[in-house]
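Colleague: prediction below, plus the sequence it came from.
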Amino acid sequence: VQYQCFDAFARISMAFGTSQLMHTIQYYVLCIVAWQDGAVWPPVCIAFLMTGIQWTCIRGDCFLSLQEQLQACAMLLVCQPLSAFLVADHVLDRVHYHTSIMDLSIFYPIVCASQAAWLFWTM
């Protein structure tokens, strides 16, 4: 009975620490594999894999209302996969510099805002 609050705090801290570790791994893979090596599909797959792992950890360790679940899901599904696709597009188009139908640079503020929203939401 005396350690229930400590146990709950430790579980939540570990869940969000693991979530931040998944963000870190994904961005590391984006930098090393996609940017330096030029391979874009592994980081895209890692982005979806890490998003799934994060969502599973949060759903398993935290009791969230439906509204909180939808907020977390929206922030996770926007931030990581979209950032992976933006890096993949930039790496694939590094040498061509052709004009595309749609300019993807409008998505950069969305990714940054989503990452900031996730950090503020977890606090």
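Modeller: Yep, that arrived.

Colleague: worst-scoring helix or strand of the protein, pLDDT-wise?
Modeller: The weakest-scoring helix or strand in the chain, judged by mean pLDDT, DSSP states H and E, is helix 108-122 (a mean of 77).

Colleague: can you list the buried residues in that helix?
Modeller: By neighbour count with 16 or more other Cβ atoms under 10 Å, helix 108-122 contains the buried residues 111, 114-115, 118. For glycine as for every other residue, the C-beta is placed from the backbone atoms N, C-alpha and C.

Colleague: check stretch 36-43 too.
Modeller: 40, 43.

Colleague: endpoints of it, how far apart?
Modeller: Stretch 36-43 has an end-to-end distance of 12 Å (Cα to Cα, to the nearest Å).

Colleague: run the chain-centre distance for it.
Modeller: On the basis of Cα atoms, centre = their mean, to the nearest Å, stretch 36-43 sits 17 Å off its chain's mean C-alpha point.

Colleague: for that stretch, which outside residues touch it?
Modeller: Contact partners of stretch 36-43, identified using Cβ atoms under 8 Å, 6 or more residues apart in numbering, comprise 26, 29-30, 33-34, 84, 87-88, 91-92, 94.

Colleague: out of these, who's the most crowded?
Modeller: Greatest neighbour count in the contacts of stretch 36-43, by other Cβ atoms under 10 Å, goes to A84: 27 neighbours.

Colleague: ok, G38 to Q115 distance?
Modeller: Distance, G38 to Q115, using Cβ to Cβ, to the nearest Å: 24 Å.

Colleague: kindly apply the preceding question to S83 instead.
Modeller: Going from S83 to Q115 by Cβ to Cβ gives 8 Å.

Colleague: tell me the centre residue of this protein?
Modeller: The centroid of the chain falls nearest to Q80 when counting by Cα atoms, centre = their mean (3.2 Å).

Colleague: which residues of the chain fall in helices?
Modeller: Assigned by DSSP state H, the helices in the chain fall at 4-29, 41-61, 66-92, 108-122.
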